[in-house]
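Participant: Quick one: sequence plus predicted model below, questions after.
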Amino acid sequence: MAKKRAKKTLTLTEQLQAALGEVESIRAVARETGLHHASLLRFVRGERSLKLDNAEKLMEHFGIEAKSVNEE
């Protein structure tokens, strides 16, 4: 019998980077969220992290909800 692989849960960083990677214009996301375009580009490339308040703006923009570790 084959072992069942556990579905990997993406971190919030991975979810936000993936969402930003799928948009046509990071500049438009920056304008709509009030965040700096260059900061978002560096975040997508993994060169910097986000402050919590900026992560919350992106979560709201993309409709990403935070889950408690206990909810998994």
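Facilitator: On my side now, so go ahead. Numbers count the residues shown, from 1 in each chain.
Participant: Skipping its backbone neighbours, what lies nearest the one residue sitting closest to the centre of the chain in space?
Facilitator: With the centre of the chain defined as its mean C-alpha position, the nearest residue by Cα atoms, centre = their mean is L16, 0.8 Å away. Across the structure, with Cβ to Cβ, 6 or more residues apart in numbering as the measure, the residue nearest L16 apart from its sequence neighbours is L58 (5.2 Å). Every C-beta, even on glycine, is put in place using the N, C-alpha and C of the backbone.
Participant: list the contacts for the residue nearest to the centre of the chain?
Facilitator: F43, L50, A55, L58, M59, F62, I64 (Cβ atoms under 8 Å, 6 or more residues apart in numbering).
Participant: In terms of pLDDT, where does the third one sit?
Facilitator: I take that to be A55. A55 is assigned a pLDDT of 96 by the prediction.
Participant: SS state for the residue nearest to the centre of the chain?
Facilitator: Here L16 is helix, with the state taken from DSSP: H, G, I helix; E, B strand; the rest coil.
Participant: Relative to K7, how far out is it?
Facilitator: L16 sits 19 Å away from K7 when distances are taken as Cβ to Cβ, to the nearest Å.
Participant: same deal with E22?
Facilitator: Remark: distance between E22 and K7 (Cβ to Cβ) = 20 Å.
Participant: returning to what we had before: touching, the residue nearest to L16 and Q17? I think so.
Facilitator: No. With contact defined as Cβ atoms under 8 Å, L58 and Q17 do not form a contacting pair (9.9 Å).
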